[in-house]
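Chemist: Turn this into a structure:
(one chain, ligands or ions: 1)
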Amino acid sequence: MKTLDQFDIKGRSALVTGAASGIGLAYAECMAEAGAKVTLTDIDAEGAAREAQRLVNEGYEARFGVCDVSKLDQVAKVFDEHVHAYGGCDIAFANAGLDVGNGFWTPEGDRNPDGQIDVYDPDRWYKSIGINLNGVFHTVREASRVMKANKQRRGGSIVITSSNAAEVNEAIVGVPYMAAKAGVKHFMRHAAYELAAYGIRVNAIAPGPFVTNIGDGWVKKNPAAKAAWDELVPVGRMAETYQIKPLALLLASDAGSYMTGAHVMIDGGMQLGPVKPL
Ligand code: NAD
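Modeler: Okay, here's the model as predicted:
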């Protein structure tokens, strides 16, 4: 099979969680640009509706759904609606996530008194795990349910957004975020093992620092903080979201047909260590 033909996803359908902004929006654009029908889901109904409409206006086939990934029944509903609209589900991105804040370091590089384990707010911990870890479980659970029932094609591809924080101690993000993403990584590995027999591949993308609205968009609002981050990354800059699209298409399409259980870093070399200490 010719190389570029393996990236062809025309006629397939994809559902993305957390698609109103940032990396999830880039996944949704990528799926649409490559010819798939796409459902953009988000807890932000207005944002998901706006971005789906924008894609439709640009000539793509897109729709939106509303769900909080920490609620299993809401996740199940958007998958059922997607299958009803598009006749099946070939590709799913378990992407929605957030940093609840209170990292060990503040963004300004000071030690954060509220970020230490002995005083860490348990409700922040439960919220982070509920979205970043339980939300991925809910999405993979429902994606595998509908993919096992796929009628036109056997199997599917599930892509999870992990983080470089699954691998390294990134003490500027809250400690539950690192715990959740490490949990995501190992859950992904088991899901890949279990679902291989059904032709369903499961992989994770582990981004380093991308310019998005995460953390209330603090790097967008604060050029000094962004400049400080740029200096930490070995390639010399934070990433823009379009840079994740080729990797997303590789994993989602038949081009990644022999890839499952992979935790793929796209981090400008951050895993190698920051260029200077935080
Ligand atoms: P973002 O804030 O730009 O986008 C996240 C989207 O998820 C938003 O539209 C938000 O409304 C939605 N969302 C939040 N909570 C939700 C919930 N409970 N249910 C459904 N949707 C919800 O942030 P982003 O940076 O694009 O984050 C996307 C993913 O990338 C997250 O899993 C994040 O952990 C991961 N990530 C981001 C970076 C980075 O540097 N930006 C690095 C590593 C990993």
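
Chemist: So which elements touch the strand of greatest length in the chain?
Modeler: For the chain, the strand with the greatest residue count under DSSP state E is strand 200-207. Contact here means 3 or more CB pairs under 8 Å, 6 or more residues apart in numbering; DSSP states H and E; on that basis strand 200-207 packs against helix 134-148, strand 156-161, helix 175-195, helix 245-252, strand 263-266. Just so you know, the C-beta spots here come from the backbone N, C-alpha and C atoms, and that holds for glycine as well.

Chemist: most tightly surrounded among those?
Modeler: Among these, strand 156-161 has the highest mean neighbour count (mean count of other CB atoms under 10 Å), at a mean of 27.

Chemist: Parallel or antiparallel, which strands does that strand pair with?
Modeler: Here strand 156-161 is paired, per DSSP bridges, with strand 91-94 (parallel), strand 200-207 (parallel).

Chemist: Return the residues of the protein in contact with the ligand.
Modeler: Where the chain comes near the ligand, counting by CB under 6 Å from any ligand atom, the residues are 17-18, 20-24, 42-44, 47, 68-70, 95-98, 131, 135, 161, 163, 207, 209-210, 212-214.

Chemist: what residue ranges in this protein are flagged as low confidence?
Modeler: Low-confidence segments of the chain, defined by pLDDT under 70, span residues 274, 276-278.

Chemist: one more time with 50, if that's ok
Modeler: For the chain, applying pLDDT under 50 flags no range at all.

Chemist: now the helices for it?
Modeler: Taking DSSP state H, the helices of the chain run over residues 22-33, 45-57, 72-86, 122-128, 134-148, 175-195, 214-221, 223-232, 245-252.

Chemist: quick one: buried residues of the fourth one?
Modeler: Pointing back at helix 122-128 there. 124, 125, 127, 128 (16 or more other CB atoms under 10 Å).

Chemist: okay if I get these as TSV plus distance to residue 182?
Modeler: Converted to TSV, the buried residues of helix 122-128 look like this (distance: CB to CB, whole Å):
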residue	distance to residue 182
124	17
125	14
127	17
128	12
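
Chemist: Between all of those residues, which two are separated the most?
Modeler: 125 and 127 (7.4 Å; CB to CB).

Chemist: and residue 12, what does it touch?
Modeler: 35, 36, 37, 90, 91, 153 (CB atoms under 8 Å, 6 or more residues apart in numbering).

Chemist: what's around the nearest residue to the fifth one once chain neighbours are set aside, how many residues?
Modeler: Among residues not flanking residue 91 along the chain, residue 14 sits closest, at 3.8 Å (CB to CB, 6 or more residues apart in numbering). The tally of other residues near residue 14 (other CB atoms under 10 Å) stands at 30.

Chemist: does residue 14 really touch residue 92, like I thought?
Modeler: Yes: under the criterion of CB atoms under 8 Å, residue 14 makes contact with residue 92 at 6.9 Å.

Chemist: tally of neighbours for residue 218?
Modeler: Quick note: residue 218 (other CB under 10 Å) scores 14 neighbours.

Chemist: wait, it sits on residue 103?
Modeler: No: Residue 218 is not in contact with residue 103 according to CB under 8 Å; the separation is 11.5 Å.

Chemist: Find the nearest non-adjacent residue to residue 104, please.
Modeler: Leaving aside its sequence neighbours, residue 104 sits nearest to residue 171 (CB to CB, 6+ apart; 3.9 Å).

Chemist: Surely the one you found touches residue 103?
Modeler: Yes: contact criterion CB under 8 Å: residue 171 and residue 103 qualify, at 6.0 Å.

Chemist: Compute the inter-axis angle for the longest strand of the chain and helix 175-195.
Modeler: 160 degrees (axes from the mean of the first three to the mean of the last three CA atoms, to 10 degrees).

Chemist: between strand 200-207 and helix 134-148, how many degrees?
Modeler: Going by the same axes, to 10 degrees, strand 200-207 makes 150 degrees with helix 134-148.

Chemist: check contacts around residue 34.
Modeler: So residue 34 contacts 7, 8, 9, 10, 249, 253 (CB under 8 Å, 6+ apart).

Chemist: Tell me how far the fifth one lies from residue 128.
Modeler: Just to be clear, that refers to residue 249. Distance, residue 249 to residue 128, by CB to CB, to the nearest Å: 29 Å.

Chemist: likewise the first one?
Modeler: Residue 7 sits 34 Å away from residue 128, going by CB to CB.
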